[in-house]
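Visitor: next comes the sequence, and after it the predicted model I'd like to discuss.
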Amino acid sequence: DAKTTQPPSMDCAEGRAANLPCNHSTISGNEYVYWYRQIHSQGPQYIIHGLKNNETNEMASLIITEDRKSSTLILPHATLRDTAVYYCIVRPDNYGQNFVFGPGTRLSVLP
Amino acid sequence: NAGVTQTPKFQVLKTGQSMTLQCAQDMNHEYMSWYRQDPGMGLRLIHYSVGAGITDQGEVPNGYNVSRSTTEDFPLRLLSAAPSQTSVYFCASSVTHPPYEQYFGPGTRLTVT
């Protein structure tokens, strides 16, 4: 699996957009980018994933650069409940492949 | 749907004791896995299963055993607990088609003294 690099921590003001970067410069052509988050001590929660195109769902948007070497997760209007550790993971789109969770980015949404 | 359930929520063991952490899912997912998370760290894969009767080792399998006799259940056994196994344990399950979204249980906090 390609390795990812994320900043260890970030702050964001409540109501503003939170932009979380991820570097995956060694990503392969068949590897997807996934984002999960872990709120306090709960189990991680799936947010979004993508291959080449930008993706949006009810939780967030994922912007992947054209060369696919980096991506940004965008929470458009961060709330206090979005305070969590966010994990960027790349893995092949193959059945049975495992997710490798790094240390992630600790996002603090401030009132 | 209850999703992924884990029992117990908390457990304290003495060094050398054995125990089984239970994990069950009611979503008919073929893929199940166990992770451990140490303080300030990401999750590390212990064992996983791609279906009943099939298990394989992850990144940190030593000291743990698993079996998968049914689709629903995937217990994790600690053979002889050590203080290094003090951690939070998460069970997860997922579908076997894209996007392979994993659903995690609430975790079991284990302390070995």
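Guide: That came in fine, so what should we check first?
Visitor: ranges for the strands of chain A?
Guide: With strands called from DSSP state E, chain A shows them at A:9-13, A:18-23, A:31-38, A:45-50, A:55-56, A:61-64, A:70-75, A:84-92, A:105-110.
Visitor: ah, wrong one, I meant chain B
Guide: B:4-7, B:10-13, B:19-25, B:31-37, B:43-51, B:54-57, B:64-66, B:76-78, B:87-94, B:102-104, B:108-112.
Visitor: what's near enough to touch residue B:73?
Guide: Counting by Cβ atoms under 8 Å, 6 or more residues apart in numbering or on different chains, residue B:73 touches B:22, B:23, B:24. Yep, even glycine has a C-beta here, placed from its N, CA and C like the rest.
Visitor: okay, the strands of chain B, which one's buried deepest?
Guide: Across these, averaging neighbours per residue (mean count of other Cβ atoms under 10 Å in any protein chain shown) puts strand B:31-37 on top, at a mean of 25.
Visitor: correct me, but residue B:23 touches residue B:103?
Guide: No: the pair residue B:23 / residue B:103 is not scored as a contact, 11.3 Å apart, by Cβ atoms under 8 Å.
Visitor: just the closest residue of chain A to chain B, please.
Guide: residue A:43 (2.8 Å; Cβ to the nearest Cβ).
Visitor: residues of chain A that sit close to chain B?
Guide: Listed as neighbours of chain B in chain A under the rule Cβ under 8 Å from any Cβ of the partner chain: A:32, A:34, A:36, A:41-46, A:49, A:87, A:93, A:95-104.
Visitor: go again with 7 Å.
Guide: A:41-44, A:46, A:49, A:87, A:93, A:95-96, A:98-99, A:101-104 (Cβ under 7 Å from any Cβ of the partner chain).
Visitor: what's the PyMOL syntax to select whichever of these are buried?
Guide: PyMOL command restricting the residues of chain A next to chain B to the buried ones, with burial defined by 16 or more other Cβ atoms under 10 Å in any protein chain shown:
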select buried, chain A and resi 43+44+46+49+87+98+99+101+102+104
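Visitor: I'd say residue A:59 and residue A:45 touch.
Guide: No: when contacts are counted by Cβ atoms under 7 Å, residue A:59 is not listed as touching residue A:45 (8.9 Å).
Visitor: for residue A:54, which non-adjacent residue is spatially closest?
Guide: residue A:63 (5.1 Å; Cβ to Cβ, 6 or more residues apart in numbering or on different chains).
Visitor: residue nearest the centroid of chain B?
Guide: residue B:34 (3.0 Å; Cα atoms, centre = their mean).
Visitor: in the sheet, which residues pair with that one? Tell me.
Guide: Taking DSSP bridges as the rule, residue B:34 bridges to residue B:47, residue B:91.
Visitor: ok, it - contacts?
Guide: B:46, B:47, B:66, B:76, B:89, B:91 (Cβ atoms under 7 Å, 6 or more residues apart in numbering or on different chains).
Visitor: list the contacts for the third one?
Guide: Pointing back at residue B:66 there. By Cβ under 7 Å, 6+ apart, the neighbours of residue B:66 are B:34, B:47, B:49, B:55, B:74, B:75, B:76.
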